[in-house]
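> next input, structure requested:
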Amino acid sequence: MRQHYDVIVLGVGGVGSAALYHLAVRGLRVLGLEQFSIGHNRGSSHGETRAIRKAYFEHPSYVPLLERAYANWRELERQSQSTESLLVEQGILEIGPADGMLVQGVLQASRQHQLALEQVSEGEFAERFPGFVLPADSVALYEPAGGYLHVERCVQTYAELAVQHGAQLVTGQPVTSWQLHSQGVLISTGEMEYSADRLVVTAGAWASELLRDLEVPLQVLRKHLHWYQVDPGAYAQSSGSPVFFYERPQGCYYGFPSLPGDVGTAPKATSKSFSSKPPAAISAQPACIKVAEHTGGEVLHDPAQVSDALEPEEVGRVERFLSECLPDVKLRSLAHAVCMYTMSPDGHFIIDRHPLSEAVVFAAGLSGHGFKFASVLGEVLADLATTGQTALPIDFLGLARFQK
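Below you'll find the model as predicted:
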């Protein structure tokens, strides 16, 4: 007999796991469907760390959502009763041309929302941030509230707490289709059919196919994550080394301080419900930093066929950036992984109810900067699925901007 739920969440990655939790704590009968495992490495929510920051250069309208996201991440830590932090406010160092998108965007957001932000003078830069280079004609900004999230741990914690609050979770079943039905929405996998009053679609790179009726092109890009060796103590979290983001003529690059056990050990995609967490740090493991190029990316026509292979030209760009801006990094790669960006046409999220039915809500096109918002977007989607509206400020992210 087909099982019926109040709400089904399709895709239990960063945003989906948060939505599953927020629905479950409201007492709803909710099901999460995930084609891989929880915390898998075949999407956008893996690779050990993701940056978080408030002075948002992409658009100042994101800042109120970020304030709520920070609060929700802290609440998740409290609810999990874990001794390990999910969100680490390590600070973020952002460097770029004075008239570039990064610096101008950070300054605009900080002024509009009165955020703590420091401009670091050339004279004090080397002393405060050893190992980093301030390129000529560039400005350095430091936001103390910036930092990073332990990405797999966040996803797994949301999913585990959702189950503790009564949610059901099915993994290893790819959804082949969904359709409107007399009972609300009917979802089909290769093995089962499920129905629900409401559907939340948080399918990441698979959203283009599952939300094709939106007629908004979503482009999937293959992106690379690299871990490079450094001397013990260099760029170390323990010495206060920050998360960093550089805007350079050849592109934008970001990275993280050297963390204990940070070796790119994201769990593989399996059918097991909960992936084993990355192994504990090994004392003989060389110190390393994680770095990636934010710009560029190879277009993927089928996310299921994403390759783990290195891209020599991309490696060359990353290593030239390191040589110029983080010269103390040893150009010895210790690990490599890939993830996917699902790009909307304007690079901003799409969060809304489906135009064919108010029973369906979705988050799509997070465009490579969405994970830090997962805790609040899950709350937004729970609001939309249960009441049809939310008090959180998402109007600028609506579908209507593509339908003018």
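> got the domain ranges for this protein?
Here the chain is described, according to automatic domain parsing, as comprising the domains 3-45+152-217+346-402, 89-144+219-343.
> just those: most buried one?
Looking across those with neighbours counted as mean count of other CB atoms under 10 Å, the highest average goes to domain 3-45+152-217+346-402: a mean of 21. Any C-beta I mention is one placed from the backbone N, CA and C, and that applies to glycine too.
> where along the stretch 101-250 of the chain do the helices fall?
Using DSSP state H, counting those that start in this stretch, the helices of the stretch 101-250 of the chain run over 101-113, 122-128, 151-164, 207-210.
> follow-up on the earlier one: could the domains of the chain go into TSV alongside distance to residue 81 and mean pLDDT?
As requested, the domains of the chain are arranged in TSV below (distance: least, CB to CB, whole Å; pLDDT from 0 to 100):
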stretch	distance to residue 81	mean pLDDT
domain 3-45+152-217+346-402	10	96
domain 89-144+219-343	16	90
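> of all those, which one is nearest residue 82?
With CB to CB, the closest approach to residue 82 among the domains of the chain belongs to domain 3-45+152-217+346-402: 7.2 Å.
> mind checking the end-to-end distance for the closest one?
36 Å (CA to CA, to the nearest Å).
> distance from the chain centre to that domain, please.
Offset of domain 3-45+152-217+346-402 from its chain centre (CA atoms, centre = their mean, to the nearest Å): 15 Å.
> could you do stretch 206-218 as well?
Worked out by CA atoms, centre = their mean, stretch 206-218 lies 20 Å from the chain centre.
> what comes into contact with that stretch?
Applying CB atoms under 8 Å, 6 or more residues apart in numbering, the contact partners of stretch 206-218 are 10-11, 35, 175, 178, 201, 203, 220, 303, 342-345, 350, 354-356, 362, 364-365, 399, 402.
> grab the nearest non-local neighbour of residue 219.
Nearest residue to residue 219, sequence neighbours excluded (CB to CB, 6 or more residues apart in numbering): residue 343, at 4.5 Å.
> again, but for residue 98
In space, residue 98 is closest to residue 139, 4.9 Å off (CB to CB, 6+ apart).
> which ones are touching the one you found?
For residue 139, counting by CB under 8 Å, 6+ apart, the contacting residues are 95, 96, 97, 98, 103, 119.
> that one bridge partners, please.
residue 96 (DSSP bridges).
> coming back round to it: quick one: which of the helices of the stretch 101-250 of the chain is nearest residue 323?
Nearest of the helices of the stretch 101-250 of the chain (CB to CB): helix 122-128, 17.4 Å.
> any chance you could list what contacts the closest one?
In this structure, residues lying in contact with helix 122-128 by CB under 8 Å, 6+ apart are 120, 132, 134, 140, 142.
> which one of those sits closest to residue 157?
Closest to residue 157, out of all of the contacts of helix 122-128 and judged by CB to CB, is residue 142, at 29.1 Å.
> ok, the closest one touching residue 118?
Yes. The pair residue 142 / residue 118 is scored as a contact, 4.5 Å apart, by CB atoms under 8 Å.
> any idea how far the residue nearest to residue 219 is from residue 227?
Distance, residue 343 to residue 227, using CB to CB, to the nearest Å: 25 Å.
> next, the contact list for residue 50, please.
Counting by CB under 8 Å, 6+ apart, residue 50 makes contact with 148, 149, 151, 371, 372.
> ditto for residue 375
Applying CB under 8 Å, 6+ apart, the residues near residue 375 are 18, 68, 69, 72, 73, 76, 154, 158.
> the third one: how many residues sit nearby?
Neighbouring residues of residue 69 were enumerated by other CB atoms under 10 Å; the total is 25.
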